[in-house]
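J.: My questions concern the predicted model and sequence given below.
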Amino acid sequence: MIPAIQLNGLTYAYPDGTAALREVRLTVAPGECVGLLGPNGSGKSTLLRHLNGILPERFPEAGGAVAIQGEAVAAGNLGVIRRQVGLMFQDADDQLFCATVREDVAFGPQQLGLGPEEVAARVQHALEEVGLVHLGHRPPHHLSSGEKRRACLAGLLACAPSILVLDEPTSGLDPRGRRELIALLRSVRATKLIATHDLELVVELCPRAVILDGGRIIADGPTAALLDDEPLMLAHGLERPHILQHRHPHEVKPETRGTKSEAPAPASERAR
Ligand SMILES: Nc1ncnc2c1ncn2[C@@H]1O[C@H](COP(=O)(O)OP(=O)(O)OP(=O)(O)O)[C@@H](O)[C@H]1O
Ligand SMILES: [Mg+2]
């Protein structure tokens, strides 16, 4: 099996010397949905920005530490990589730049070289999926923050990537928008890696979770087991989500129940 995402000891420091990722090893299988957790500044966004080659800024330093569908992310193949990976930025304003929402959503499919009819059909469908058809004519900077987030997601969905990489997808969404987004993400048949502080989203959507702190992977295992481990969560600026607190300890939703091969390592083995 070729992993959808593979990080092979990824270490990264920003040009000012800030060490953001240290020896990160992570393998995500095709079709998996993985939650990426960790306190502010732990390196989540930095990690995600490596998956479609936005980082590192200077490629010779990358050292082949990131592979997408078995293909090393490198300066020479960013086009191929970006067809496969749809990345939602943490800040929607970094992602939206066209004159109207509709043009913004069309930008990705146009880059894929699709014909005008196919582009128009994909844009319409994506706007319907995120509930933004009525705002297609608006300049993106005239949208509310939750609407911008939906517009970003529409732009990704219109490209039908095989890997969706989402940075805080529910931030700024109202409760209904959040529920709709979760339902929509559940229905999308892509491999998903979701960085988020929304632990309940992780419980609902991601059978597996990874905790990052100080640029290192601290834990990687079945979501229910990790998030139920209060000392582990508290030690890394997280908390046991309410959705688990109100649940009987033996009651675990099928989606969050790990398979035997995914059983969590003892805490001592988890910390690297
Ligand atoms: N452009 C930059 N230049 C220098 N350091 C940076 C830059 N961007 C981020 N950092 C630093 O890199 C580290 C990781 O930041 P990152 O944005 O990846 O964290 P995060 O886990 O996404 O945090 P948050 O939960 O706040 O979104 C932090 O120490 C941060 O201050
Ligand atoms: Mg971030």
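T.: Structure's in. What do you need? Ligands and ions are numbered 1, 2, ... in the order given.

J.: Is the residue of the stretch 51-200 of the chain found nearest ligand 2 in a helix, a strand, or coil?
T.: Nearest residue of the stretch 51-200 of the chain to ligand 2, counting by Cβ to the ion: Gln90, 4.7 Å away. (C-beta placed from N, C-alpha, C; glycine too.) State at Gln90, reduced to three classes by DSSP: H, G, I helix; E, B strand; the rest coil: coil.

J.: The residue nearest to it when sequence neighbours are not counted and Val73: what is the separation?
T.: Spatial nearest neighbour of Gln90, chain neighbours left out: Asp167 (4.0 Å); criterion: Cβ to Cβ, 6 or more residues apart in numbering. Going from Asp167 to Val73 by Cβ to Cβ, to the nearest Å gives 17 Å.

J.: what's the burial count for Gly9?
T.: 11 (other Cβ atoms under 10 Å).

J.: For the residue nearest to Leu238 when sequence neighbours are not counted, list each beta-bridge partner.
T.: Nearest non-adjacent residue to Leu238, counting by Cβ to Cβ, 6+ apart: Leu37, 6.0 Å away. Beta-bridge partners for Leu37, by DSSP bridges, are Ile211.

J.: so Leu37 touches Ile211, yeah?
T.: Yes. Using Cβ atoms under 8 Å, Leu37 is in contact with Ile211, at 4.9 Å.

J.: Spit out the residues that contact these two alike.
T.: Residues touching both Leu37 and Ile211 (Cβ atoms under 8 Å, 6 or more residues apart in numbering) are 236, 238.

J.: if I look at the residue nearest to Gln90, how far off is ligand 1?
T.: Distance from Asp167 to ligand 1, counting by Cβ to the nearest ligand atom, to the nearest Å: 7 Å.
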